[in-house]
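>>> next come a sequence and a model predicted from it.
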Amino acid sequence: MTLMKTPQTRKRFGLIELIVAFAAVSFGSLIGAADRPNIIIVLIDDLGYADVGPFGGEIPTPAIDQLAHEGKTFTQFLATSPVCSSSRASLLTGAFHERVSITGALFPHSDTGLNPAETTIAELCKTQGYATACFGKWHLGHHPTFLPTNPGFDTYYGIPYSNDMWPLLPDIVDFPPATAARKRQFPSLPILEGTQVVNPEVTVEDQRNFTRDFTHRSVEFIRDHADSPFFLFLAHPMVHVPIFASEAFEGKSGQGLYADTVMELDWSMRQIMDAVESIGATEDTLIIFTSDNGPWLRFGNHGGSAGRFREGKQSFYEGGIRVPMIARWPAQIPADTSTDAMLSTIDLLPTIAAAIGNELPELKIDGHNIIDHLTSESELASPHQYFPLHYINGSRTGIRTPEFK
């Protein structure tokens, strides 16, 4: 039996909800219908805060550097969770993952997924006539009812969960015998087109080409929609362990495989930016670049860097939830600016809703419209007075404020 959380079972936060009282209010002006932008979200998996140039990284990332120079960097941008599924649920719904009952990372044997009753960014865009596409890693339920073509995406091509949920993984990464035996019990990792399996068993070569393949699909989608508004969600499987780079990038950095992989992701960003320019839509396209959580430090030089921040993925210390974030929208966002306001992935849905002239979902969300933070050259205060921190099944909780944790 497939289990789904109904709207009636959406979780409440009790005392924290009374204290926090996050209202999804719109304190920025709605963008006029004629100015509605294309929307592109590029989500990297497990990218550390200090892995790219604009945030102090030493790996060459010229395209990402250019994106920051032409847009705005967000230096105190938080994911709601330090693990994959729960973080992605929050980004797409504008609600804390505890509220939508996805509290950790979903596995191939899981029967749960993102409740179809939730409203996603893709669904908001579709109601305004946008074409929508998701390429890459989904990880919000692998059964057909949960896959991207149900919560608002016209097109989907990618893998249903993390690239390490793969029976070949113990051949790539040296695990203790018991861990290796458990991972070999995973079913084959498939590639899906819509809800159909088009490749039942991902190989090492497939993993090497993930970044290129999902980038090429994204570029085609952009060019195919030169005359209509679109929302593209490019969710790269990299740099989640196991990391891979294509033949064109393996060994290119001289700094190891992790740096090679980041350089290829930067190449991908260049292709996206060039595709937008090729259709004459640079001024009118909002590009958001961020990560789902901090770096997976347990894998040493196959994991990234949180810079001066403590810990990484699977931790609610700052390195686990503070992620790089860049937004570029030349028609609205002043170039070469930054903000240190405490903002979050849950703010993306209400902000995009305002940008495209849509109302907020009927079900309560926790994010805020931060268009003013995008478009202002002045430093604005955070709309979040408090930010509750939840981990798996609420077993670790805390409160983050703009100044304290």
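Happy to help now that I have it. Since we're looking at a predicted model, the values are computed, not measured. Numbers count the residues shown, from 1 in each chain.
>>> how about the strands of this protein, start to end?
Assigned by DSSP state E, the chain shows strands spanning 38-44, 72-74, 77-78, 131-137, 155-159, 191-193, 196-199, 230-235, 285-291, 325-328, 337-339, 343-344, 387-390, 397-400.
>>> of all the ones you listed, which lies closest to E379?
Smallest distance to E379 across the strands of the chain (CB to CB): 6.1 Å, for strand 337-339. (Each C-beta comes from the backbone N, C-alpha and C, glycine too.)
>>> that closest one pairs with which strands, parallel or anti?
In the sheet, strand 337-339 lines up against strand 72-74 (parallel) (DSSP bridges).
>>> contacts for the strand it pairs with next, please.
54-55, 324-328, 333-334, 337-339, 341, 343, 374 (CB atoms under 8 Å, 6 or more residues apart in numbering).
>>> filter those down to the buried ones.
54-55, 324-328, 333, 337, 339, 341, 343, 374 (16 or more other CB atoms under 10 Å).
>>> which of the residues you listed sits closest to T61?
P54 (7.9 Å).
>>> correct me, but that closest one touches R328?
No: in this structure, P54 is not within contact of R328 by CB atoms under 8 Å, at 11.4 Å.
>>> so, low pLDDT: which residues of this structure?
Residues of the chain meeting the criterion pLDDT under 70: 1-34, 390-396.
>>> what about the most far-flung residue of it relative to its centre, distance to R184?
Largest separation from the mean C-alpha position in the chain: P177, at 32.6 Å (CA atoms, centre = their mean). Plainly put, P177 is 11 Å away from R184 if you go by CB to CB, to the nearest Å.
>>> spatially central residue in this structure, please.
Geometric middle of the chain (CA atoms, centre = their mean) lands on L43, at 3.6 Å.
>>> what separates that residue from S253, distance-wise?
For L43 relative to S253 (CB to CB), the value is 22 Å.
>>> dump the residue contacts of M273.
Residues in contact with M273 (CB under 8 Å, 6+ apart) are A63, Q66, L67, T282, I287.
>>> these: which two are farthest apart?
It's A63 and T282 that sit farthest apart of these, by CB to CB, at 13.6 Å.
>>> between the two, which is the more surrounded one?
A63 (22 against 18; other CB atoms under 10 Å).
>>> helices of the protein, start to end?
15-20, 62-69, 84-93, 121-127, 177-183, 204-208, 210-224, 257-278, 318-321, 348-356, 371-375 (DSSP state H).
>>> how many other residues sit next to G280?
9.
>>> from S81, how far out is the residue nearest to it when sequence neighbours are not counted?
Spatially, and ignoring its direct neighbours in sequence, G280 is nearest to A226 (7.5 Å; CB to CB, 6 or more residues apart in numbering). Using CB to CB, A226 is found at 36 Å from S81.
>>> and if you look at S344?
Applying CB to CB to S344 and S81 gives a distance of 11 Å.
>>> joint contacts of these two?
Residues touching both S344 and S81 (CB under 8 Å, 6+ apart): S90.
>>> show me which of those two is the more surrounded one.
Neighbours of S344 and S81, each counted by other CB under 10 Å, are more numerous for S81; the result is 32 against 28.
>>> correct me, but that one touches S90?
Yes: contact criterion CB under 8 Å: S81 and S90 qualify, at 6.7 Å.
>>> find residues that contact each of these two.
Joint contacts of S81 and S90 (CB under 8 Å, 6+ apart) are H97.
>>> rewinding a little: for the buried ones among the contacts of strand 72-74, which one is nearest E118?
L343 (21.3 Å).
>>> contacting residues around the closest one?
So L343 contacts F74, Q76, F77, L78, M325, I370, H373, S382, P383, H384 (CB under 8 Å, 6+ apart).
>>> same thing with T339?
T339 sits in contact with K72, T73, F74, T75, Q76, H373, E379, L380, where contact means CB under 8 Å, 6+ apart.
>>> check the gap between the residue nearest to the second one when sequence neighbours are not counted and R400 for me.
Computed as CB to CB, 6+ apart, the closest residue to T73 that is not its neighbour in sequence is S338, at 4.3 Å. S338 sits 20 Å away from R400, taking CB to CB as the criterion.
>>> and what of T73?
20 Å.
>>> repeat that for Q66.
31 Å.
>>> could you give the number of residues near T119?
Using other CB under 10 Å, T119 is surrounded by 23 other residues.
>>> isn't it up against V100?
No: using CB under 8 Å, T119 is not in contact with V100; the gap is 10.6 Å.
>>> okay, and the common contacts of the two?
By CB under 8 Å, 6+ apart, the residues touching both T119 and V100 are T93.
>>> out of the contacts of strand 72-74, who's nearest L389?
L343 (15.3 Å).
>>> so what's the closest one bridging to?
F77.
>>> who's in contact with the closest residue to F299 other than its chain neighbours?
Closest residue in space to F299, ignoring its immediate chain neighbours: V241 at 4.8 Å, by CB to CB, 6+ apart. Contacts for V241 (CB under 8 Å, 6+ apart) come out as D46, D164, V173, W296, F299, H302, G303.
>>> fine by me, thanks again.
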